[in-house]
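J.: Structure of the sequence below:
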Amino acid sequence: MNVTEKLNATDKLLALDDTKTIISHTVRFGPTSKDSQFSHSDCQNIEDPTGIAIEEGELLYGLVRTVKPLAVLETGTNIGVSASYIAIALRENGDGHLITIEKDGTVARKAQEKFDVMGLSETITVINSGTQEFFASMPANQTFDFLWLDTELKERYNELVTLFPHVTPGGIICIHDLWCLDHDWYGGVPDAMKAWIRNGDLRGLTIQTDHGVSVFQKRRTKDYFADLLSSL
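T.: Numbering: from 1, shown residues only. Alright, predicted model coming up:
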């Protein structure tokens, strides 16, 4: 990266998509009442044209720039805002590819059209599928370095449990709209996930953004913190 390059992904996204503007938005679930996000005037035929808050997009972009994953998976493309942040980061990293899954065919098509216009298609593969159907078709040796889980609320823990064996050691797992692990909307923390947290195979933090972002990391091959937990 050139030392003069600024890590301002929102300006870069706006430069690629001139249909978007930044608006103030009343938060539906988080600990604060308002955030900033993109307008969705180009997505009026989509039932729920939602996206991540701009602050969360910058966080996601910064994580991808810092971690430099090669294989990224997103569940829940929707209108493609989070995917755009990820793809811009991957492109600036000089390597890496995003697979994003969207079960609604109309929404998946609109997202693909958006990525084509933004020039991000070479970095993003849009899969029109339910997540469980996609997981069932994955090769047994498929691995990912970075996950962004953003489908139906009650599906996200199940997705983490299903995908955990496919995450590389040290890989990052992010769950959107989650600022409290035992939040009722998520149906409770699965037993497998509790065990991974207890023995140090999975550790994380919840970030009090307007929507909430929880970030987890899978145990590395040599990991002092995880080894310490395992010894207790």
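J.: C-alpha from now on. contacts and neighbour counts both.
T.: Fine.
J.: so where do the strands sit in the protein?
T.: Chain-ordered strands for the chain, with DSSP state E as the definition, fall at 22-26, 34-38, 71-75, 97-102, 124-128, 144-149, 167-176, 202-207, 213-218.
J.: will you turn the ones you listed into a markdown table that also has mean neighbour count, distance to Gly62 and mean pLDDT?
T.: As requested, the strands of the chain are exported to a markdown table (neighbours: other C-alpha atoms under 10 Å; distance: least, C-alpha to C-alpha, whole Å; pLDDT from 0 to 100):
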| stretch | mean neighbour count | distance to Gly62 | mean pLDDT |
| --- | --- | --- | --- |
| strand 22-26 | 13 | 19 | 75 |
| strand 34-38 | 19 | 17 | 76 |
| strand 71-75 | 23 | 14 | 98 |
| strand 97-102 | 23 | 16 | 98 |
| strand 124-128 | 20 | 18 | 98 |
| strand 144-149 | 24 | 13 | 98 |
| strand 167-176 | 22 | 13 | 97 |
| strand 202-207 | 17 | 15 | 92 |
| strand 213-218 | 21 | 13 | 96 |
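J.: what separates Glu122 from Ala87, distance-wise?
T.: 9 Å (C-alpha to C-alpha, to the nearest Å).
J.: the more surrounded of those two?
T.: Ala87 (25 against 12; other C-alpha atoms under 10 Å).
J.: Excluding sequence neighbours, find me the nearest residue to the more buried one.
T.: For Ala87, the nearest residue in space outside its immediate sequence neighbours is Thr123; the separation is 5.9 Å by C-alpha to C-alpha, 6 or more residues apart in numbering.
J.: Backbone dihedrals for that neighbour, both of them.
T.: Reported as degrees, to the nearest 10, the phi and psi values for Thr123 are phi -100, psi -10.
J.: Look up which residues are beta-bridged to the closest residue to His176 other than its chain neighbours.
T.: Taking C-alpha to C-alpha, 6+ apart as the measure, His176 lies nearest to Val213, with 4.8 Å between them; neighbours along the chain are not counted. Legend: beta-bridge partners of Val213 under DSSP bridges are His176, Ile207.
J.: Thought Asp177 was touching Val213, still the case?
T.: Yes - A contact is recorded between Val213 and Asp177 when judged using C-alpha atoms under 8 Å, the distance being 5.8 Å.
J.: Of all the strands of the chain, which one comes closest to Glu58?
T.: Across the strands of the chain, Glu58 has its closest neighbour in strand 34-38 (11.2 Å, C-alpha to C-alpha).
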